[in-house]
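# sequence-free structure coming up:
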């Protein structure tokens, strides 16, 4: 997957402790497949389940579903502006109001 995190997003995501990981879980009840992540959950680092994998960019790690790449057509840029994270690629913005929640 072509996965990038912008400098603005890296500044925010690097505030997360080194013993934490970001979990991205799809809202399977959503009708819009690419707009169904509304928050990024910060959780303690843990092993992945059989339906998950780790997606990493530099020192920032995400736990995602195995089909995550397909949903975003194998290309995702995570950006940050106006207090929210933005999921986009070169052609479109998927969601521009993603929050960060510590659990």
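That came in fine, so what should we check first? This one's a predicted model, so the numbers in the text were calculated from it and none came from an experiment.
# List the contacts of the closest residue in space to residue 19 that isn't next to it in sequence.
Leaving out its chain neighbours, the residue that sits closest to residue 19 by Cβ to Cβ, 6 or more residues apart in numbering is residue 45, at 5.7 Å. Where you see a C-beta, it was placed from the backbone N, CA and C, and this is true even at glycine. Contacts here follow Cβ atoms under 8 Å, 6 or more residues apart in numbering; on that basis residue 45 touches 19-21, 61.
# Equivalent analysis for residue 77, please.
4-6, 87-90.
# so where does residue 9 fall, helix or strand?
If you go by DSSP states H and E, residue 9 is part of helix 7-13.
# buried residues in that helix?
Along helix 7-13, these residues count as buried under the neighbour rule (16 or more other Cβ atoms under 10 Å): 9-10, 13.
# Tell me the gap between that helix and the middle of its chain.
Its chain's C-alpha centre and that of helix 7-13 lie 12 Å apart, by Cα atoms, centre = their mean, to the nearest Å.
# Quick check: neighbours of the helix or strand that that helix is followed by in the sheet, parallel or antiparallel?
Later in the chain than helix 7-13, the nearest helix or strand by DSSP H and E is strand 20-23. Paired neighbours of strand 20-23 in the sheet (DSSP bridges): strand 39-44 (antiparallel), strand 60-65 (parallel).
# continuing past the first one, what's the next helix or strand?
Going back to what we said before, that points to strand 39-44. Per DSSP H and E, the first helix or strand lying C-terminal to strand 39-44 is strand 52-57.
# again with the last one
Per DSSP H and E, the first helix or strand lying C-terminal to strand 60-65 is helix 68-71.
# what comes up buried for the least confident helix or strand in the chain by mean pLDDT?
In the chain, no helix or strand scores lower on mean pLDDT, DSSP states H and E than helix 68-71, which sits at a mean of 82. By 16+ other Cβ under 10 Å, the buried positions in helix 68-71 come out as 68-69, 71.
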